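Q: Next input, structure requested:
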Amino acid sequence: MFAQGVLAYNNNDYVRAYDLLQEYQKLNDLNKLDPRVWYLKGNCAFELGRKSNRSEILEMAISNYYEALILDSMSVKVRCYMALAFEQLGKIDNAFAVAFEGYKINPNNAFINYVLGKLYNVSEKREIAIKYLTVAISLHEDKKYGYASLAKWYLERAVAYEMKEDLQNSEADYIKCLKLNDTDIDAWYHYGCFLSWCKRNNDACTVFKIIQGINENYTDYAGSIKELIKISCN
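A: Just a heads-up that it's a prediction; the model follows:
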């Protein structure tokens, strides 16, 4: 049953994965002593809560992460995801506290540097955010996280540079992000808005049409794709 739960998790079927892992824990008390199960259950709840923006599911994720840490108190990875769950809930002080616990355990962990960079970005402390994100990207040379993760890290740093009005570095990071993962619709959207803000309407129009080709109903903070195409492509 554990293997089935992991398979469902790897297939992004988080509801089924959570249920299978829950049933696995009910088989015997020994299964409740495996921190991996609590961690995976936490991640399932985190993904479901993040996508639905439901606080009770995110709180459930945090409860599972706490159980994982009781059994594996030195896990940096669990603290990374717990911090992200706290951030999603708007509990930024809790997020920083958990993240710095992980950083103290291993300051050379790429993921924890990314998490701290993201938290500082959310807190609008761009210089500090860029510092941690740059370390995270540099440490990624060990290739443990995959190109999709590295793309998100470049995206996070691109946003930080953009908010500092460092347009050259911001665009460079957007381009690096999209070279690593050209299917990331959120990255395309941020880049299109960046180009529009820079009054490069022809370039923005091209990017927004790419997004429309992926999902014509996509929308985010700046409006719907159809609205943005009307503005940029006329």
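Q: Dump stretch 175-193 to PDB, restricted to CA.
A: Extracted in PDB, the C-alpha atoms of stretch 175-193 (Å, rounded to 0.1, in the frame of the first residue of the first chain):
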ATOM      1  CA  ILE A 175      14.700  33.900 -20.200                       C
ATOM      2  CA  LYS A 176      16.800  31.400 -18.200                       C
ATOM      3  CA  CYS A 177      13.600  30.200 -16.500                       C
ATOM      4  CA  LEU A 178      11.700  29.600 -19.700                       C
ATOM      5  CA  LYS A 179      14.700  27.900 -21.400                       C
ATOM      6  CA  LEU A 180      14.700  25.400 -18.500                       C
ATOM      7  CA  ASN A 181      10.900  24.900 -18.600                       C
ATOM      8  CA  ASP A 182       9.000  26.400 -21.500                       C
ATOM      9  CA  THR A 183       5.700  24.900 -20.400                       C
ATOM     10  CA  ASP A 184       5.600  27.000 -17.200                       C
ATOM     11  CA  ILE A 185       2.500  29.200 -18.000                       C
ATOM     12  CA  ASP A 186       3.000  31.300 -14.800                       C
ATOM     13  CA  ALA A 187       6.500  32.200 -15.900                       C
ATOM     14  CA  TRP A 188       5.300  33.200 -19.400                       C
ATOM     15  CA  TYR A 189       2.600  35.300 -17.700                       C
ATOM     16  CA  HIS A 190       5.100  37.100 -15.400                       C
ATOM     17  CA  TYR A 191       7.400  37.700 -18.400                       C
ATOM     18  CA  GLY A 192       4.600  39.000 -20.500                       C
ATOM     19  CA  CYS A 193       3.600  41.400 -17.800                       C
END
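Q: Tell me the buried residues in stretch 157-170?
A: Within stretch 157-170, the residues scored as buried using 16 or more other C-beta atoms under 10 Å are 157-162, 166, 170. In this view, the C-beta of every residue, glycine as well, is placed from N, C-alpha and C.
Q: and what of stretch 170-179?
A: Quick answer for stretch 170-179 (16+ other C-beta under 10 Å): 170-171, 173-174, 176-178.
Q: farthest-separated two in the residues you listed?
A: Greatest spatial distance among the buried residues of stretch 170-179 (C-beta to C-beta): S170 and L178, at 12.9 Å.
Q: Domains in the chain, by residue range?
A: Per automatic domain parsing, the domain ranges recorded for the chain read 1-101, 107-164, 183-234.
Q: quick one: contacts of the helix or strand bottoming out on mean pLDDT in the chain?
A: Ranked by mean pLDDT, DSSP states H and E, the weakest helix or strand in the chain is strand 223-224, scoring a mean of 82. The contact list for strand 223-224, computed with C-beta atoms under 8 Å, 6 or more residues apart in numbering, reads 217-218.
Q: contacting residues for the most centrally placed residue in the chain?
A: With distances taken as C-alpha atoms, centre = their mean, the residue of the chain nearest its centroid is K152 (6.9 Å). Contacts for K152 (C-beta under 8 Å, 6+ apart) come out as 177, 184.
Q: Just say helix, strand or coil for it.
A: With DSSP: H, G, I helix; E, B strand; the rest coil as the basis, the three-state label of K152 is helix.
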